[in-house]
Structures are given as structure tokens and as C-alpha cells.
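[1] Structure for the following, please:
(one chain, ligands or ions: 1)
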Amino acid sequence: MILAAHIVFASAVSASARFSLPGAFLFGLVSHHLLDFIPHFDAGSFWPIEELKAGTISARVRILIFLDILASLVFLVWCFWWLKAGFFILFWASLGAALPDLVVTGFPFLVPRLRNRPILKRYEKFHYIFFRQSRPVSLQRYRIFGNLSTLFIIGFSLWLLLK
Ligand SMILES: [Zn+2]
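    So this is what the prediction gives:
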């Protein structure tokens, strides 16, 4: 799922349920894997397998990742500034929600020598056990559901925050 959906969902639930800080972090982490289980789209859906294996990222995917990060940050600033949600609960919930993708995708691309670390490989395998991403091949099958599931998660989270 897109990073923004992970962060919006984890922050909204943690802030409205008033989780403790470790609770917010844990919820972010667990919810990441649960949301990944729902058929979805993210920047990686548009990342050709050959590029993924070679460890290169095309300009198109870079732009999508950039927009995803930007949307997440705008949401967090809005929560903090307008909704007066606690800074630390937003921080820990978001860190938990973003961590699996940072470990699997973010860090190895920033620091290439991390790619072959066994612990990272193991976590990557674990991450993809729960993963139902729509790749371009299966696009037709998942197009509507993949978009709707993401919109539903974000809509539900906003409702939780604003109700
Ligand atoms: Zn993920």
C-alpha cells in the first residue's frame, strides 16, 4: 500500500484511541503488514521487475515515491497543526507504519551494501508473505479494488480523526 495510507491509518487510529507511544509504534508496525495484505497499488506497482532486481529506480517511480512521501508529510503537519494531535504519537505511529518499507526498500536503495545482509533478506521475505500488490500484469483484475481499498482506508482514517 502507498506510504501515505500506512501513515494516515496508523496515526489516525493511534491518535483517536490515545495509544501509549510504544503502543502507537507497535500498532503502526502490525497495521503495515495487515494493510499490505489487502490488494493494493503503490509506487512499486509501476516498478518493472527487471529494475527492481537490478536495484535501479526509473524517474517515474521516483516521482511517485516523492509524491507519496510529500502527501504523508502534508497529512502529518495538518494533524499536528490543525487537529492538535500529539507530536510524539504521530511520530511513533508513523515510524512503525513506515519501517517495513524503509527496511525492505528505502535503506537498501540508499545504502546498497545493505542489500545482501541476511537479516534484511529474511525480513524482506517476511514482508512479502503478507503482500498483495497489484503488478501491471494483474492490473485489470485489481484495478478497481486496488484503488478502492486505498481510498477506503484513507477515508476511514479521516472519518476517525474528524468525527
Ligand atoms: Zn509494505
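[2] residues from the chain in reach of the ion?
    For the chain, the residues in contact with the ion (C-beta under 5 Å from the ion) are 36, 100-101. Just so you know, the C-beta spots here come from the backbone N, C-alpha and C atoms, and that holds for glycine as well.
[3] let's see it at 6 Å
    32, 36, 100-101, 127 (C-beta under 6 Å from the ion).
[4] closest to L158 among those?
    H32 (18.7 Å; C-beta to C-beta).
[5] which element is the closest one on?
    Using DSSP states H and E, H32 sits in helix 21-36.
[6] Find the least confident helix or strand in the protein, judged by mean pLDDT.
    Least confident helix or strand of the chain, by mean pLDDT, DSSP states H and E, is helix 49-54 with a mean of 76.
[7] Name the next helix or strand downstream of that one, please.
    Heading C-terminal from helix 49-54 (DSSP H and E), you reach helix 59-81.
[8] Let me know the average pLDDT across that following helix.
    Helix 59-81 shows a mean pLDDT of 94.
[9] re earlier: so which bits of the helix holding H32 are buried?
    23-29, 31-32, 35-36 (16 or more other C-beta atoms under 10 Å).
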